[in-house]
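Engineer: Let me see the structure of the following:
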Amino acid sequence: MKLKSLFTITALVSLLFGVGLLAAPAILVGTLTGQQPDALGVHISREAGALVLAVSVISWMARNAERSNSTNAIVVGLSIAFPLLAILSAVSTWNGTLAPTYWVNFILFSILALGFWVVGRPSFRS
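Structural biologist: Numbers count the residues shown, from 1 in each chain. From the prediction side, this is the model:
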């Protein structure tokens, strides 16, 4: 897999989750976690959605960029974020805090983490 493909996949997945968190946070959070968020949960979900949309835009714009210190910074950042998200998803699903449907997020975050670690490996040297 090439870095362009990985950035494109990240951009599209982030777009779906970002729009979902902004437009229908109660539905998305309720479906994935099995719990309905209160007003604060909806607000925090929308804030998270804004950040996820930013990741989408950054990834989309980086997909055609030449390898540089800037793309390396994005790769390293996402190589840290996705494994942490996978670990948090696994722990919260394993201990019953989140519904079993959240294993989907764990799998998705794990695949993206692995992709950035494998494809982005040269970026770690910069």
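Engineer: got the buried residues for the least confident helix or strand in the chain by mean pLDDT?
Structural biologist: In the chain, no helix or strand scores lower on mean pLDDT, DSSP states H and E than helix 25-33, which sits at a mean of 90. By neighbour count with 16 or more other CB atoms under 10 Å, helix 25-33 contains the buried residues 25, 28-29, 32-33. (Glycine included, C-beta is placed from N, CA and C.)
Engineer: any idea which helix or strand comes after that helix?
Structural biologist: helix 39-62 (DSSP states H and E).
Engineer: quick one: the top helix by length along the chain to chain centroid distance?
Structural biologist: The residue-count maximum for a helix in the chain (DSSP state H) belongs to helix 69-94. Here helix 69-94 is found 7 Å from its chain centre; the criterion is CA atoms, centre = their mean, to the nearest Å.
Engineer: Just the mean pLDDT for it, thanks.
Structural biologist: In this model, helix 69-94 has a mean pLDDT of 94.
Engineer: got the angle between that helix and helix 39-62?
Structural biologist: 140 degrees (axes from the mean of the first three to the mean of the last three CA atoms, to 10 degrees).
Engineer: For helix 69-94, buried residues please.
Structural biologist: 71-72, 74-75, 78-79, 82-83, 85-86, 89-90, 92-93.
Engineer: what does stretch 99-118 give?
Structural biologist: 102, 105-106, 108-110, 112-113, 115-116.
Engineer: Show me which of the residues you listed is closest to Leu21.
Structural biologist: Asn105 (12.3 Å; CB to CB).
Engineer: I'd assumed Leu32 was in contact with the closest one.
Structural biologist: Yes: between Asn105 and Leu32 a contact is recorded at 6.5 Å, counting by CB atoms under 8 Å.
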